[in-house]
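Asker: From the sequence below, what's the structure:
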Amino acid sequence: MAESSKMAKKPRTKQSETSTVQCSNSWNANGIKSRISYMKEFINRLDIDILIVNDTRLNERIKIKIKNYTCVRKDNPTKPTGGVMVLIKNNIAYKEVPIDISVMWECIAIRLPNGIHFIGTYNSPSNSIKRNDLDKILATGSKTILVGDLNARHSSWNNSSDNSNGKVVYNYVVKNNCTILYPNEPTHYPTNGRAPSTIDIALIRNIKEISPVTVLHESNSDHNPIKFVLGGQYTSSTTQTRLDYCKADWKLFRECINRNLSINSKIETKGQIEQEVHKLTSKIQNATRKAIPTKEIKTFQNELPLYILQMIKDRNKTRRIWQKHRIDTLKQKMNKQTTEIRKAIRENINSKWEQKLSKLNPKDNSIWKMTRTFKTETQPIPTLIKTDREAMTDNEKAEMLADKFENVHTIDRTNNTVEQTQITNTVIEYLKDETVEGWHSTTQQVTRIVNDIRLGFNKELVTVMLLLDIEKAFDRVWTERLLYKLITKGYPDTLVEFLSSYLSNRHLRVQINAVKSTKRKIGAGVPQGSILGPKLFNAYINDLPTFNKTKIALYADDTAIYTHSYNAIIAAKQIQTHTNILEPYYNKWKIHLNTTKTEAIVFTKKKDRCNKIFQPITVYGQKIITVNTVKYLGVHLDNKLTYRAHFKESVRKAH
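Answerer: A predicted model of the protein is given here:
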C-alpha cells in the first residue's frame with residue numbers, strides 16, 4: 001500500500017466551517033414511496049442536515065437511497081403502516097443508539113459528537129402515551145431532543161382542545177424540567193374538514209442553543225414539515241474539491257516550474273535519486289497550488305426538471321390558500337394539481353430510462369457501464385467501538401482502522417519501496433516454479449480435485465477433505481524468512497535484493513470520504529492485489545510438509561488436504577496425521593490457522609456407516625466440524641458432487 005505521488009489527480013479537501021444542523025422534522029408523509037423524487041429535491045434544495053420522516057409506510061423490500069445522505073429506518077414489522085426514517089447528511093458524524101424495545105412507539109435515536117441525543121419518533125393515533133414511555137426514551141442521554149408526530153394535542157401548544165396524549169406529555173414536561181418546541185401555526189390539516197392541529201412538536205432537555213420552530217409550506221401530504229436550527233459544530237468530514245483545469249493559468253504554471261529548476265546530472269546513489277524526485281514533485285505541487293484553482297465537488301443534481309418544480313410551487317401556493325380559507329374548490333384544485341404532478345414525475349422517469357436504453361450499444365462498453373450502476377452501493381462505516389474508545393467522525397474512524405491494520409503487520413522492516421510497475425517478467429519467471437501445483441488457473445485446480453474424487457467414486461472409495469483457513473495469510477508473511485528461503489534456494493542476489501526492496505519500507509493510510517489517517521508502517525506481509533503477492537506467498541509455503549498417505553492442493557492461501565479410503569474413519573485418521581505434521585511447521589513460520597473457519601467434508605456415494613467420521617479431526621486441539629457442502633476456489637462442492645448448492649447460489653446471485 002505504498003502511497004502514490006500523483007497528488008494532482010486526486011480530489012483535494014478543505015476543512016468544513018462551523019455550521020448548524022437544520023432539522024426538517026415531523027414531516028408526516030402519509031407514505032413516502034410515491035414522494036421519493038419530491039423528497040430528494042426538497043432535502044437538497046433546502047440543504048437540510050437531518051430530516052425525520054414519519055408515517056413512512058415502508059417494508060424492508062423498499063430501498064431508499066439519497067445521494068450524500070445516510071438513511072436509518074424503523075419500519076412496522078407486521079404491515080406497511082407507520083414507521084419512521086431519519087436521513088443524515090454524510091458530513092454529520094453520529095452513532096445510532098438503541099432504545100428500550102418495550103416502548104410501543106417507533107423511535108430512532110442517534111448521538112451527535114457533542115453528546116446530544118437526537119430522537120426521531122412516530123406515535124400512532126391509536127397508541128396511548130405513558131409516562132414510563134417518555135422516561136425510557138429520554139433516558140438515552142442527558143441532552144436530548146425528541147421530535148416527531150406524537151399525536152398529542154394540548155392548548156399549551158396552540159391546539160383548540162386537549163387529548164389524553166397531550167395531557168400526559170404536558171404533565172411530564174412540567175414535572176421533569178423539559179421544554180416543548182412548537183410552531184406558531186398548525187402542522188396538521190385533516191382532509192376530512194376537522195380543525196387544524198399542532199401535533200408535530202419537539203421535547204428538549206438540557207439544550208440551550210436551539211432556534212424557534214418554523215413551519216415549511218412545502219409538503220404534499222396533510223402535514224407541514226417543521227424546521228429548527230441546532231447551534232454548534234457537528235460536521236466531521238471535509239468538503240471534497242478537485243482541480244478546475246478549465247480555469248488553470250498554464251503560463252503561470254510553466255513559470256513556476258522553470259523558476260530555479262535545477263536537476264543534478266551526476267546521480268550516483270539511490271538516495272540522490274530519491275532527493276531529485278522529491279524536489280521535482282514539490283515543484284509540481286507548488287505550481288499546481290498557485291496556477292490551478294479548485295472547485296467543490298457537487299454531490300446533488302436535481303432529478304426533477306424545471307417545469308415540474310414550477311408545478312410543485314403552484315400546488316404549494318394553492319395548498320397554503322386552502323389551509324387558510326378551507327374552500328372546497330381550492331381543495332379540488334389542489335388534488336388535481338397533485339395528480340398532475342405525480343403523472344408528470346412518472347412520465348419524466350420513463351422518459352429518462354427510454355433515453356438511457358436507446359443509447360446502449362452492444363458493440364461498446366455502454367451496457368457494462370450501466371450494469372455497474374446497479375451494483376450495491378458502499379454502505380457508510382458506522383461508529384467503531386473499541387474497548388476504551390469509540391470513533392464517530394471520519395478522522396477518528398480512519399485512525400482507528402489504521403491502528404488495526406498496523407497491528408496486523410507486526411514485524412518491523414527498513415528499506416526502500418519499489419512500485420508495482422517495476423516488477424519484471426524475470427521476477428515472475430523465477431517464481432513460476434515455486435507453486436506447489438504449478439501455474440494452473442482456479443478452474444484447472446478445481447477440475448483436478450473433482451476428477452480425483454470421481455475416480456474414487458468409481459473405485460467405491462470415500463474421499464475425506466480438510467480445508468484449512470489461513471488467517472490474514474498475505475498480511476502475516478514473515479518477509480525476513482521469505483527472503484531467507486529464497487536465498488537458501490539459490491535465487492540470484494540481484495533478485496533477492498529487488499524483492500527485499502519491494503517488500504520493505506511500505507506504509508499505509510486509511511481514507512474515509514475525504515479524510516486520511518496518518519501514515520503507518522507495514523512491518524510484514526506481501527501486497528494484496530499485486531502481481532507478485534500470490535507468487536511470493538506460494539514461495540513462502542512451498543516447503544509445506546507432505547505425507548505419503550494424503551494429497552495436498554494449494555492455490556495461494558487456499559489449502560486443501562484430502563485422501564481416499566474404503567472407510568471414512570481411516571481416511572480421517574490419515575488427514576489427522578498430516579495435520580499433526582503441519583502444526584509445528586505453521587508455528588515455526590508464524591502462519592495462523594483459523595480453526596473456526598476450517599471445515600471437513602466426506603465425499604461418498606455410499607449410504608452405510610463407512611461414510612461417517614465418528615472422531616472429529618482436530619487442529620490445534622480444536623474439533624473441526626464436518627459439513628455437507630464446502631466452497632473451494634469459488635465453487636460450492638457438496639458431498640455427492642451434484643453441484644446443486646453451486647447452481648442454487650449462482651441463480652441467487654443472478655437475481
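Asker: Report the buried residues of the biggest helix by length in the chain.
Answerer: Longest helix of the chain, by residue count under DSSP state H: helix 328-358. Using 16 or more other CB atoms under 10 Å as the test for burial, helix 328-358 gives 330-331, 333-334, 337-338, 341, 344-345, 348. Any C-beta I mention is one placed from the backbone N, CA and C, and that applies to glycine too.
Asker: Could you pull out the helices in the stretch 251-400 of the chain for me?
Answerer: 270-291, 306-325, 328-358, 366-373, 394-408 (DSSP state H, counting those that start in this stretch).
Asker: Let's have these in CSV, adding mean pLDDT.
Answerer: Formatted as CSV, the helices of the stretch 251-400 of the chain follow (pLDDT from 0 to 100):
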stretch, mean pLDDT
helix 270-291, 86
helix 306-325, 88
helix 328-358, 89
helix 366-373, 81
helix 394-408, 81
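Asker: hmm, back to that, among the buried residues of helix 328-358, which one lies nearest to residue 293?
Answerer: Nearest to residue 293 out of those is residue 348 (CB to CB; 35.0 Å).
Asker: Tell me who's in contact with the closest one.
Answerer: 304-305, 308 (CB atoms under 8 Å, 6 or more residues apart in numbering).
Asker: Check the residues you listed against residue 508 and report the nearest one.
Answerer: The closest of the contacts of residue 348 to residue 508 turns out to be residue 304 (CB to CB; 43.1 Å).
Asker: neighbours of that closest one, just the number please.
Answerer: 20 (other CB atoms under 10 Å).
Asker: That one against residue 37, yeah?
Answerer: Yes: using CB atoms under 8 Å, residue 304 makes contact with residue 37 at a distance of 6.1 Å.
Asker: Could you name every residue contacting both of those two?
Answerer: Contacts common to residue 304 and residue 37, judged by CB under 8 Å, 6+ apart, are residue 345.
Asker: of all the helices of the stretch 251-400 of the chain, which lies closest to residue 123?
Answerer: Proximity to residue 123 (CB to CB) singles out helix 306-325 among the helices of the stretch 251-400 of the chain, at 23.3 Å.
Asker: by how many degrees do that closest one and helix 328-358 diverge?
Answerer: Helix 306-325 and helix 328-358 meet at an angle of 160 degrees, taking axes from the mean of the first three to the mean of the last three CA atoms, to 10 degrees as the criterion.
Asker: Helix 306-325 packs against which elements?
Answerer: Where contact means 3 or more CB pairs under 8 Å, 6 or more residues apart in numbering; DSSP states H and E, helix 306-325 is packed against helix 36-45, helix 328-358.
Asker: So which bits of that helix are buried?
Answerer: Per 16+ other CB under 10 Å, helix 306-325 contains these buried residues: 308, 311-312, 315-316, 318-319, 322-323.
Asker: again with stretch 53-63
Answerer: Under the neighbour-count criterion of 16+ other CB under 10 Å, stretch 53-63 has 53-58 buried.
Asker: Tell me which two in those residues are the farthest apart.
Answerer: Maximum distance among the buried residues of stretch 53-63 (CB to CB): 11.7 Å, for 54 and 58.
Asker: which neighbours do the two share?
Answerer: residue 83.
Asker: Tell me what angle the longest helix of the chain forms with helix 366-373.
Answerer: Using the same axes, to 10 degrees: helix 328-358 against helix 366-373 is 130 degrees.
Asker: what about helix 328-358, distance to the chain center?
Answerer: Offset of helix 328-358 from its chain centre (CA atoms, centre = their mean, to the nearest Å): 34 Å.
Asker: relative to helix 36-45, how tilted is that helix?
Answerer: 90 degrees.
Asker: pretty sure residue 524 contacts residue 475?
Answerer: Yes: Residue 524 is in contact with residue 475 according to CB under 8 Å; the separation is 7.1 Å.
Asker: Show me which of these two is the more surrounded one.
Answerer: A count of neighbours by other CB under 10 Å puts residue 524 above the other of residue 524 and residue 475, at 22 against 16.
Asker: For that one, give me the pLDDT.
Answerer: Confidence at residue 524, expressed as pLDDT, is 84.
Asker: Residue 170: which element?
Answerer: helix 164-175 (DSSP states H and E).
Asker: what does that helix contact?
Answerer: Counting by CB under 8 Å, 6+ apart, residues outside helix 164-175 touching it are 123, 128-131, 134, 150-154, 156, 159, 162, 178-180, 203.
Asker: 7 Å instead?
Answerer: 128-131, 134, 150-154, 156, 159, 180, 203 (CB atoms under 7 Å, 6 or more residues apart in numbering).
Asker: who touches residue 315 in this structure?
Answerer: 334, 337-338, 341.
Asker: can we see that at 6 Å?
Answerer: The neighbours of residue 315, taking CB atoms under 6 Å, 6 or more residues apart in numbering as the test, are residue 337.
Asker: How much space separates the nearest residue to residue 307 once chain neighbours are set aside from residue 32?
Answerer: Among residues not flanking residue 307 along the chain, residue 344 sits closest, at 7.6 Å (CB to CB, 6 or more residues apart in numbering). Going from residue 344 to residue 32 by CB to CB, to the nearest Å gives 19 Å.
Asker: Check residue 467 too.
Answerer: Here residue 467 is placed at a distance of 46 Å from residue 32 (CB to CB).
Asker: which residues in the stretch 451-600 of the chain form helices?
Answerer: Counting by DSSP H, counting those that start in this stretch, the helices of the stretch 451-600 of the chain are 479-488, 493-503, 533-540, 568-588.
Asker: Kindly compare burial across the ones you listed and name the winner.
Answerer: helix 533-540 (a mean of 22; mean count of other CB atoms under 10 Å).
Asker: any idea how far that helix is from the chain center?
Answerer: 30 Å.
Asker: And stretch 552-561, by the same measure?
Answerer: Using CA atoms, centre = their mean, the offset of stretch 552-561 from its chain centre is 31 Å.
Asker: pLDDT of that stretch, averaged?
Answerer: 87.
Asker: Residue 85 falls within a strand, correct?
Answerer: Yes: assigned with DSSP: H, G, I helix; E, B strand; the rest coil, residue 85 falls within a strand.
Asker: List the residues that contact it.
Answerer: Neighbours of residue 85 in contact, by CB under 6 Å, 6+ apart: 53, 56, 73.
Asker: give me the number of residues near the last one?
Answerer: One way to gauge burial is a neighbour count; for residue 73, by other CB under 10 Å, it gives 18.
Asker: check contacts around it.
Answerer: By CB under 6 Å, 6+ apart, residue 73 lies in contact with residue 85.
Asker: pretty sure it belongs to a strand, no?
Answerer: Yes: assigned with three-state DSSP, residue 73 falls within a strand.
Asker: all strands of the stretch 501-650 of the chain, in order?
Answerer: Along the stretch 501-650 of the chain, counting by DSSP state E, counting those that start in this stretch, strands occupy 506-508, 511-512, 515-516, 520-522, 551-555, 558-565, 599-603, 618-619, 622-623, 626-627, 629-632, 635-638.
Asker: will you turn these into TSV that also has distance to residue 356?
Answerer: Formatted as TSV, the strands of the stretch 501-650 of the chain follow (distance: least, CB to CB, whole Å):
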stretch	distance to residue 356
strand 506-508	39
strand 511-512	31
strand 515-516	34
strand 520-522	43
strand 551-555	41
strand 558-565	40
strand 599-603	45
strand 618-619	53
strand 622-623	53
strand 626-627	44
strand 629-632	36
strand 635-638	35
